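K.L.:
Next input, structure requested:
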Amino acid sequence: MRCDTRALPNLENLGELMALAVGTPAPDFELQNQFGENIKLSDYRGEKNVVLIFFPKAFTGLCTDELCEVRNDNTDFSTDDVVTLGVSCDSTAALKEFAEKEGFEYDLLSDYWPHGATAQAYDVFLDKFGIATRATFIIDKDGIIRWEVINGPGDTRSNDDYRAALAAL
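P.N.:
Numbering: from 1, shown residues only. This is a model prediction of the structure:
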């Protein structure tokens, strides 16, 4: 089931978001996953490339569709060289229920408190709505942002773009 995207804000109504530039170091963070385990971005440094997917809200149609596509393409997004991390401002309890319902095997991270701090560090937090916009960052093993895409909350992203960015690393 899809959500009514007319209720979601779009970037045209919000002004221009200024995401971090490609080629800059990715801000480190430590967030809890859906199981309450602490996940730190820098723990992957030197080990794995990271697909960092910010999404507005668990259980909404577009977010569910996109994250299920990533789940279905797990051979591309969960390998010896790649880890996928989803981030939203939802609570760990909501993310646990969401992950269980949809069968997500990758970590969903809660940016709930301090509310949206990681999304703010990546310049993708929509303060007026209290959510992250739909943004993805490909971070290499050295912790450098190598690719990014930022869409409005009602605009989908493409896994093909992620694959191309990962192949370019």
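K.L.:
any idea which element Gln120 lies in?
P.N.:
helix 117-121 (DSSP states H and E).
K.L.:
Can you name the secondary structure element that comes next after that helix?
P.N.:
Going down the chain from helix 117-121, the next helix or strand is strand 125-126, by DSSP H and E.
K.L.:
Quick one: list the elements packing against the helix or strand that that following strand is followed by.
P.N.:
Using DSSP H and E, the helix or strand that follows strand 125-126 in sequence is strand 131-132. When contacts are defined as 3 or more CB pairs under 8 Å, 6 or more residues apart in numbering; DSSP states H and E, strand 131-132 packs onto strand 82-88, strand 125-126. In this view, the C-beta of every residue, glycine as well, is placed from N, C-alpha and C.
K.L.:
what lines up beside strand 131-132 in the sheet?
P.N.:
Here strand 131-132 is paired, per DSSP bridges, with strand 125-126 (antiparallel).
K.L.:
hang on, the earlier thing: compare the helices and strands packed on strand 131-132 and give me the one nearest Thr60.
P.N.:
strand 82-88 (9.8 Å; CB to CB).
K.L.:
what's the angle from the helix or strand just after the closest one to strand 82-88?
P.N.:
Of the helices and strands lying after strand 82-88 in sequence (DSSP H and E), the nearest is helix 92-102. Angle, helix 92-102 to strand 82-88, by axes from the mean of the first three to the mean of the last three CA atoms, to 10 degrees: 120 degrees.
K.L.:
What helices and strands are in contact with the following helix or strand past helix 92-102?
P.N.:
Note on helix 92-102: by DSSP H and E, the next helix or strand toward the C-terminus is strand 107-110. Applying 3+ CB pairs under 8 Å, 6+ apart, one finds that strand 107-110 contacts strand 30-33, strand 82-88, helix 92-102.
K.L.:
contacts for strand 107-110?
P.N.:
The contact list for strand 107-110, computed with CB atoms under 8 Å, 6 or more residues apart in numbering, reads 31-34, 39, 58, 67, 83-92, 95, 98-99, 118.
K.L.:
one more time with 10 Å
P.N.:
If you take CB atoms under 10 Å, 6 or more residues apart in numbering as the criterion, strand 107-110 is touched by 29-39, 41, 52-55, 58, 67, 83-96, 98-99, 102, 118.
K.L.:
Could you pick out the buried ones from the residues you listed?
P.N.:
Buried subset of the contacts of strand 107-110 (neighbour count, 16 or more other CB atoms under 10 Å): 29, 31-34, 39, 41, 52-55, 58, 67, 83-90, 92, 94-96, 98-99, 118.
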